[in-house]
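*Asks:* No letters, just coordinates:
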Ligand SMILES: O=C(O)CCC(=O)C(=O)O
Ligand SMILES: [Fe+2]
């Protein structure tokens with residue numbers, strides 16, 4: 001029987017300076033040094049902060065300001081770009097309670113974006129879910145360009161971090177780009193978590209986002225200073241929730257199910273959840289850097305990973321094993337997103 005790798009103990013999410021991965025002039029030795037830290041973080045917690053990432057602070061500030069202005073608009077103005085108008089591309093606005101985790105509504109509202117693709121793009125022409133053009137709100141006027149610039153910048157950071165993760169596994173720096181992410185599936189969300197009661201009417205806790213793992217390879221999250229993100233630790237077989245508090249000028253990164261599958265569970269996609277206890281709105285901007293839609297995600301063939309993995313089903317939040325999954329990333333994602341937005345799933349399937 002294969003040994004199931006047990007996530008090492010962790011009580012805090014490490015902070016890693018990734019300058020050497022984003023600066024073209026950095027030496028291979030300095031890249032490898034960063035890669036080593038990334039590898040340790042991926043094995044221990046699956047979560048890490050990055051600093052020295054080179055993403056323009058002015059762009060981030062403008063995007064944050066525009067996002068706050070959008071969420072402050074009256075509901076009917078926000079509903080002018082509701083997701084139902086985005087069709088299979090799954091873009092636009094959803095109101096508080098409009099998204100479910102494990103069947104319960106999350107206490108958050110949000111805007112969904114993705115790569116801006118023209119109607120002539122082959123995947124758009126065939127009505128492929130999650131591909132198409134964005135539904136940009138008319139107000140604030142700057143949001144469109146800020147979102148597009150931010151997605152381009154974060155795509156670059158995603159490539160840089162994945163090169164470090166490849167090095168950390170003893171692979172060529174372009175391992176993931178060559179197989180999965182040359183044309184990544186990019187999903188970008190802007191969430192607002194309003195303050196609210198801790199318990200629902202049925203006495204159950206209210207989560208901004210309930211416990212879940214992310215689906216793809218890498219999530220790069222910008223959070224404001226409200227806090228509330230928690231990461232599941234299994235130190236000594238005991239479940240503990242470790243805070244990932246705001247750290248200035250950082251992004252919180254975590255690995256998703258597809259990297260868990262590729263590494264046979266050595267790099268775990270760690271469950272996390274959010275509860276806003278700040279007494280004011282919390283803004284967060286997760287950017288998902290994922291394999292392309294048609295990629296079949298397979299375990300990495302490397303001696304370093306022999307003997308890893310694992311039936312992780314009993315431990316996972318959704319009771320499913322990422323290692324048993326067969327198919328394309330698109331199949332995997334569609335199955336997940338359909339649970340999160342049941343109405344849209346019905347709509348997409350009926351339009352196929
Ligand atoms: O808002 C956050 O801090 C986390 C959001 C998240 O986990 C997700 O969108 O997958
Ligand atoms: Fe997440």
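*Replies:* Great, that's in hand. Since the structure is predicted, the reported quantities are computational estimates derived from the model, not experimental observations. Ligands and ions are numbered 1, 2, ... in the order given.

*Asks:* Residue 103: how many residues sit nearby?
*Replies:* Applying other Cβ atoms under 10 Å, we find 9 other residues in the vicinity of residue 103. C-beta: built from backbone N, CA, C; applies to glycine.

*Asks:* swap in residue 85?
*Replies:* By the criterion of other Cβ under 10 Å, residue 85 has 13 neighbours.

*Asks:* Then residue 304?
*Replies:* So residue 304, with other Cβ under 10 Å, has 13 neighbours.

*Asks:* for the helix or strand encompassing residue 287, packing partners?
*Replies:* Here residue 287 sits within strand 282-290, counting by DSSP states H and E. Judged by 3 or more Cβ pairs under 8 Å, 6 or more residues apart in numbering; DSSP states H and E, strand 282-290 is in contact with helix 57-71, helix 143-168, strand 185-193, strand 218-223.

*Asks:* Could you check the angle the shortest one makes with strand 282-290?
*Replies:* Strand 218-223 runs at 160 degrees relative to strand 282-290, counting by axes from the mean of the first three to the mean of the last three Cα atoms, to 10 degrees.

*Asks:* Toward the C-terminus, what is the element adjacent to strand 218-223?
*Replies:* strand 229-233.

*Asks:* C-terminal to that following strand, what's the next element?
*Replies:* strand 240-243.

*Asks:* Would you confirm that residue 134 contacts residue 118?
*Replies:* No - assessed by Cβ atoms under 8 Å, residue 134 is found out of contact with residue 118, at 11.6 Å.

*Asks:* what sits against residue 230?
*Replies:* Applying Cβ atoms under 8 Å, 6 or more residues apart in numbering to residue 230 gives the contacts 241-244, 272-275.

*Asks:* I figured residue 59 hits residue 150, correct?
*Replies:* Yes - counting by Cβ under 8 Å, residue 59 does reach residue 150; the two are 6.1 Å apart.

*Asks:* Would you mind telling me which of these two has more residues around it?
*Replies:* More crowded of residue 59 and residue 150, by other Cβ under 10 Å: residue 150, with 22 against 14.

*Asks:* got the contact list for that one?
*Replies:* Going by Cβ under 8 Å, 6+ apart, the list of residues near residue 150 reads 59-60, 63, 188, 285, 287.

*Asks:* repeat that for 10 Å
*Replies:* Counting by Cβ atoms under 10 Å, 6 or more residues apart in numbering, residue 150 makes contact with 55-56, 59-60, 62-63, 113, 188, 190, 222, 285, 287.

*Asks:* Which of those residues are buried, as a ChimeraX select command?
*Replies:* Buried residues among the contacts of residue 150 (16 or more other Cβ atoms under 10 Å), as a ChimeraX selection:
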select :55,60,62,63,113,188,190,222,285,287
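
*Asks:* mind putting the contacts of residue 150 in JSON lines, pLDDT included?
*Replies:* JSON lines is the format used below for these (pLDDT from 0 to 100):
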{"residue": "55", "pLDDT": "98"}
{"residue": "56", "pLDDT": "98"}
{"residue": "59", "pLDDT": "98"}
{"residue": "60", "pLDDT": "98"}
{"residue": "62", "pLDDT": "98"}
{"residue": "63", "pLDDT": "98"}
{"residue": "113", "pLDDT": "98"}
{"residue": "188", "pLDDT": "98"}
{"residue": "190", "pLDDT": "98"}
{"residue": "222", "pLDDT": "98"}
{"residue": "285", "pLDDT": "98"}
{"residue": "287", "pLDDT": "98"}
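
*Asks:* sorry, back to before: tell me what the very next helix or strand once past the strand holding residue 287 is packed against?
*Replies:* Going down the chain from strand 282-290, the next helix or strand is helix 329-340, by DSSP H and E. For helix 329-340, the packing partners by 3 or more Cβ pairs under 10 Å, 6 or more residues apart in numbering; DSSP states H and E come out as strand 100-101, strand 185-193, helix 257-262, strand 282-290, helix 342-351.

*Asks:* who's the residue in the stretch 251-352 of the chain that ligand 1 sits nearest to bridged to?
*Replies:* Nearest residue of the stretch 251-352 of the chain to ligand 1: residue 284, at 3.3 Å (Cβ to the nearest ligand atom). Going by DSSP bridges, residue 284 is paired in beta bridges with residue 191, residue 223.

*Asks:* got it, and the one 5 residues further on?
*Replies:* According to DSSP bridges, the residues that bridge with residue 289 are residue 186, residue 218.

*Asks:* contacting residues around residue 67?
*Replies:* 110-111, 140, 143, 146-147, 190-192, 222, 224, 283-285.

*Asks:* Out of the helices and strands packed on helix 329-340, indicate the one that is most buried.
*Replies:* helix 257-262 (a mean of 27; mean count of other Cβ atoms under 10 Å).

*Asks:* and the helix or strand just after it, what does it pack onto?
*Replies:* The helix or strand immediately downstream of helix 257-262 is strand 272-274, counting by DSSP H and E. If you count contacts as 3+ Cβ pairs under 10 Å, 6+ apart, strand 272-274 packs onto strand 209-212, strand 218-223, strand 229-233, strand 240-243.
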